[in-house]
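A.B. asks: coordinates only, sequence not included:
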């Protein structure tokens, strides 16, 4: 496996940047859900007619649709910036991020979750979040 691996201190040094990027992405995700719901509501009321300029709510629908597209692109940019730091964003909603690391001869993940002050867990590549182990066993 040819990936960048982090020491615990290197990964922990990136946590403030990762947290900032994930917080921004979470805010965008929440707004995306709100806009998606507005689009769905208009679609429920008008059906496919909402796509037609003659629909009374067409302009509102187009505004929400354009906002959704913009938010989606902005969220993708924020997540890409976090990934560009060298970590894997597993769940932007929960704020789950993994960093590749070496444990003896194995590549594992250092695992961080939004709200944790530092990386306190690790897990094998196969185990996932449910298999997190305390960093003291790293």
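C.D. replies: Nice, thanks for sending it over. Quick caveat, the model's predicted, so the values are computed rather than measured.
A.B. asks: which SSE is the closest residue in space to residue 118 that isn't next to it in sequence in?
C.D. replies: Distance criterion Cβ to Cβ, 6 or more residues apart in numbering; nearest residue to residue 118, sequence neighbours excluded, is residue 12 at 5.0 Å. Just so you know, the C-beta spots here come from the backbone N, C-alpha and C atoms, and that holds for glycine as well. According to DSSP states H and E, residue 12 maps onto helix 8-46.
A.B. asks: What is the following helix or strand past that helix packed up against?
C.D. replies: Note on helix 8-46: by DSSP H and E, the next helix or strand toward the C-terminus is helix 58-83. Counting contacts by 3 or more Cβ pairs under 8 Å, 6 or more residues apart in numbering; DSSP states H and E, helix 58-83 is packed against helix 8-46, strand 88-91.
A.B. asks: closest one to residue 56 among these?
C.D. replies: For the helices and strands packed on helix 58-83, distance to residue 56 was read as Cβ to Cβ. The smallest value, 8.2 Å, belongs to helix 8-46.
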